[in-house]
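Novice: this one's sequence-less:
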């Protein structure tokens, strides 16, 4: 079975631009979470979606938004990019939205903002 | 608020040595879950273990073992007879359920980079 997939793998953007990152969960999983991992740090929670509804939001500015589609795939959008947005963006999927469900992480999208 | 502290930034050991990675957590919730993840150079986080706050039994899985002590808010991870393939960054994480919605988020420590030297 395919694991969590993310696209693109790498991305280079300029300050002020907008970016869209995509995530496809494991088949049958209904929950998707997004994390930002700055170099040398642990991942930080951005959003969780379950059954197309936002279930949780981390401490990130409104420039960050996300959505989940009927097929449970998800997009993370970041507007007005800043240099500090350069990071590895990780997507995780789980069967349900509850903590008992194990989260499986994708390989991530490495975003570089110049 | 939740917090996870991994005081060891980097550890180097010689192959076949045992190594323990420390994790201290903070939370006011009585129901919570603790995790360990491995992140090899490829970047993908690999799940190792999940432990809930009501289960203080230690666990062993092959060369891996985990020691959960609520009295000291610690959840330490030991690798026995380390191998070069164990070289990676290891993250400890904490999760508490959101009230009502049943959702959750993982709060990660900063990670410990383990290098196993042949």
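Specialist: Looks like it came in fine. Every value quoted in this text rests on a predicted model; they were computed, and no experiment measured them.
Novice: What segments of chain A are helices?
Specialist: Along chain A, no segments are classed as helices by DSSP state H.
Novice: mind listing what residue A:58 touches?
Specialist: A:44-47, B:105 (C-beta atoms under 8 Å, 6 or more residues apart in numbering or on different chains). Quick note: C-beta positions are derived from backbone N, CA and C, even for glycine.
Novice: quick one, phi/psi of it?
Specialist: Per-residue torsions, residue A:58: phi -90, psi -170 (degrees, to the nearest 10).
Novice: For residue B:97, see how far away it is.
Specialist: The gap separating residue A:58 from residue B:97 is 16 Å, by C-beta to C-beta, to the nearest Å.
Novice: what do you get for residue B:44?
Specialist: For residue B:44 relative to residue B:97 (C-beta to C-beta), the value is 26 Å.
Novice: Can you go through the contacts of residue A:58 and name the buried ones?
Specialist: A:44-47, B:105 (16 or more other C-beta atoms under 10 Å in any protein chain shown).
Novice: Pick out the most distant pair among these.
Specialist: Of all pairs drawn from those, the widest gap by C-beta to C-beta lies between A:44 and A:47 and measures 11.1 Å.
Novice: and residue B:71, which of the three is it?
Specialist: Under DSSP: H, G, I helix; E, B strand; the rest coil, residue B:71 falls in the helix class.
Novice: What's opposite the residue most central in space within chain A in the beta bridge?
Specialist: Residue closest to the mean C-alpha point of chain A, counted by C-alpha atoms, centre = their mean, is residue A:34 at 3.1 Å. For residue A:34, the beta-bridge partners under DSSP bridges are residue A:47, residue A:91.
Novice: OK, contacts around it?
Specialist: A:23, A:45-48, A:66, A:74, A:76, A:89-92.
Novice: Please apply the same query to residue A:43.
Specialist: By C-beta under 8 Å, 6+ apart, residue A:43 lies in contact with A:35-37, A:90, B:45, B:91, B:106, B:108.
Novice: Least confident secondary structure element in the chain?
Specialist: I went with chain A, as the question did not name one. Least confident helix or strand of chain A, by mean pLDDT, DSSP states H and E, is strand A:53-57 with a mean of 87.
Novice: meant chain B, my bad for not saying
Specialist: Result, chain B / mean pLDDT, DSSP H and E: strand B:104-108, a mean of 84.
Novice: Can you list the strands that that strand pairs with?
Specialist: strand B:88-97 (antiparallel).
Novice: Tell me the strands beside the least confident helix or strand of chain A, with direction?
Specialist: strand A:44-50 (antiparallel).
Novice: looking only at pLDDT, what's the mean for the strand it pairs with?
Specialist: On average, the pLDDT along strand A:44-50 is 91.
Novice: Please apply the same query to stretch A:87-105.
Specialist: For stretch A:87-105, the per-residue pLDDT averages 83.
Novice: backbone phi and psi for the spatially closest residue to residue A:35 that is not a sequence neighbour, please?
Specialist: Of all residues not flanking residue A:35 in the chain, residue A:43 sits nearest, at 3.8 Å (C-beta to C-beta, 6 or more residues apart in numbering or on different chains). Per-residue torsions, residue A:43: phi -60, psi 150 (degrees, to the nearest 10).
Novice: where does residue B:96 land on pLDDT?
Specialist: pLDDT at residue B:96 comes out at 82.
Novice: what bridges to it?
Specialist: With DSSP bridges as the rule, residue B:96 is bridged to residue B:105.
Novice: Assess the claim that it and residue B:30 are in contact.
Specialist: No: using C-beta atoms under 8 Å, residue B:96 makes no contact with residue B:30, being 9.4 Å away.
Novice: which of these two has more neighbours?
Specialist: Of the pair residue B:96 and residue B:30, residue B:96 is the one with more neighbours under other C-beta atoms under 10 Å in any protein chain shown, namely 19 against 8.
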